[in-house]
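K.L.:
Sharing a sequence plus its predicted fold:
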Amino acid sequence: MVERGGGGGARGEGEHFRVIHKIPSGDGPYVRAKHLQLVEKDLDAAIVWFWKAINAGDRVESALKDMAVVMKQQDRAEEAVEAIKSFRHLCSKQAQESLDNLLIDLYKKCGMAREEIELLKQKLRKIFIGEAFNGKVTKKARCHGKKVQVSIQQETSRLLGNLAWAYMQQRNYMAAEVVYRKAQMIDADANKACNLAHCLIEQGRFVEAKQILNDVLNGSYCSFDRGKIAKRAEELLSKISLPPELVLWDMEEKVGDNAVTKRKFEEEMMEMLDTVIKQWAPFRSKRLPIFEEIFPYRDQMAC
């Protein structure tokens, strides 16, 4: 912790130190935890002091989020999940969305695809019934380190992309394909295009996948990191170009399971449709225009 001096110069230096290291002012356990995290780089001790801050009621929301992030860095994501679930009731209503976003990242880190899918569906339901963004059509967010305005369409597409990726982790490529296509219909980008191509490759549909990947390489989709995306597209194309016995990994298993996978997905899809439509009914006037546009495609919805 930075000691406070008696003179104005010392106080000025202390303030300058806090600004440089992004440490909040004060002397409570939360400030101590941030100093351990950002200055001393002692993450184990930082977690201890974040716990003390939560128990003392000192900036609980920030302490809980920061502690979860540090735990994730230390491969203690499951502990972070339990911490958020146990203490999120102490946080304000405004903090719940960011806690949900953090939970989604933690579920992904832990390989908890089922929990991730359920939470993503909950967030999509809020958009469906007009409860997301506090009724507004945009919100402020950070993207690649910059503050940006995110539209409801962009957020919907992002959530659908995450949902599709979670289905990918379950090897439910049929569901992932449906959701990726819907996400691209709302707000297309190169990363989701590559993921869609991956889905098609896993299903043995190489011609379709190759066309999408060529479009990615030709710049048909927007991308924040064109070099990285191009490299990934080329890697996926190289798989398509491999000899059939190498590229078809375990296609025999996939073919055998395809009918069962399709039936399970259709059952889940219809169950979710019933739930969403029931929730839409009282709020039909609040449904956002983007869902009026995609509603004709409801028979393909996976969420």
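P.N.:
Here it is on my side, so go on. Residues are numbered from 1 along each chain as shown.
K.L.:
where do the strands sit along this protein?
P.N.:
138-143, 146-151 (DSSP state E).
K.L.:
if you average pLDDT over each of the ones you listed, which comes out lowest?
P.N.:
Mean pLDDT per stretch puts strand 138-143 lowest among these, at a mean of 70.
K.L.:
List the contacts of the residue lying closest to S223 once chain neighbours are set aside.
P.N.:
Once flanking residues are discounted, S223 sits nearest to A190: 3.8 Å by C-beta to C-beta, 6 or more residues apart in numbering. Where you see a C-beta, it was placed from the backbone N, CA and C, and this is true even at glycine. Residues near A190 by C-beta atoms under 8 Å, 6 or more residues apart in numbering: 216, 221-223, 226, 229, 233.
K.L.:
Save those residues as TSV, and put in distance to L102 and neighbour count too.
P.N.:
Listed next are those as TSV, based on distance: C-beta to C-beta, whole Å; neighbours: other C-beta atoms under 10 Å:
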residue	distance to L102	neighbour count
V216	30	26
Y221	28	20
C222	26	13
S223	25	17
R226	29	14
I229	26	21
A233	30	23
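K.L.:
Spell out which two among those are the most distant pair, please.
P.N.:
C222 and A233 (14.0 Å; C-beta to C-beta).
K.L.:
and the closest residue in space to L43 that isn't next to it in sequence, how many neighbours?
P.N.:
Nearest non-adjacent residue to L43, counting by C-beta to C-beta, 6+ apart: V70, 5.3 Å away. Neighbours of V70 under the rule other C-beta atoms under 10 Å: 19.
K.L.:
now R88
P.N.:
18.
K.L.:
again, but for L90
P.N.:
Quick note: L90 (other C-beta under 10 Å) scores 13 neighbours.
K.L.:
Not counting residues beside it along the chain, what's closest to it?
P.N.:
V60 (4.9 Å).
K.L.:
I'd guessed the one you found sits against R88; true?
P.N.:
No - checked against C-beta atoms under 8 Å, the pair V60 and R88 is beyond contact range at 9.7 Å.
K.L.:
who touches stretch 228-247?
P.N.:
By C-beta under 8 Å, 6+ apart, stretch 228-247 touches 190-191, 194, 197-198, 201, 206, 209-210, 213-214, 216-217, 223.
K.L.:
what residues are up against K192?
P.N.:
Neighbours of K192 in contact, by C-beta under 8 Å, 6+ apart: 157, 161, 164, 180, 183-184.
K.L.:
If we use 7 Å, what do you get?
P.N.:
Each residue near K192 by C-beta atoms under 7 Å, 6 or more residues apart in numbering is listed here: 161, 180, 183-184.
K.L.:
most neighbours, which of the residues you listed?
P.N.:
Sorting the contacts of K192 by how many neighbours each has (other C-beta under 10 Å) puts Y180 first, at 29 neighbours.
K.L.:
Looking at it now. What's its pLDDT?
P.N.:
pLDDT, Y180: 94.
K.L.:
Could you work out the end-to-end span of stretch 34-42 for me?
P.N.:
Start-to-end span of stretch 34-42 (C-alpha to C-alpha, to the nearest Å) is 10 Å.
K.L.:
For that stretch, buried residues please.
P.N.:
Residues of stretch 34-42 classed as buried by neighbour count (16 or more other C-beta atoms under 10 Å): 34-37, 39.
K.L.:
same deal with stretch 166-180?
P.N.:
166-168, 171-180.
K.L.:
circling back to that earlier point, dump the contacts of A190 to CSV, plus pLDDT and distance to E131.
P.N.:
Formatted as CSV, the contacts of A190 follow (pLDDT from 0 to 100; distance: C-beta to C-beta, whole Å):
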residue, pLDDT, distance to E131
V216, 95, 34
Y221, 91, 30
C222, 88, 28
S223, 82, 31
R226, 86, 36
I229, 94, 33
A233, 95, 37
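K.L.:
Out of those residues, the closest to K126 would be?
P.N.:
Looking across the contacts of A190 and measuring by C-beta to C-beta, the closest to K126 is C222, at 26.0 Å.
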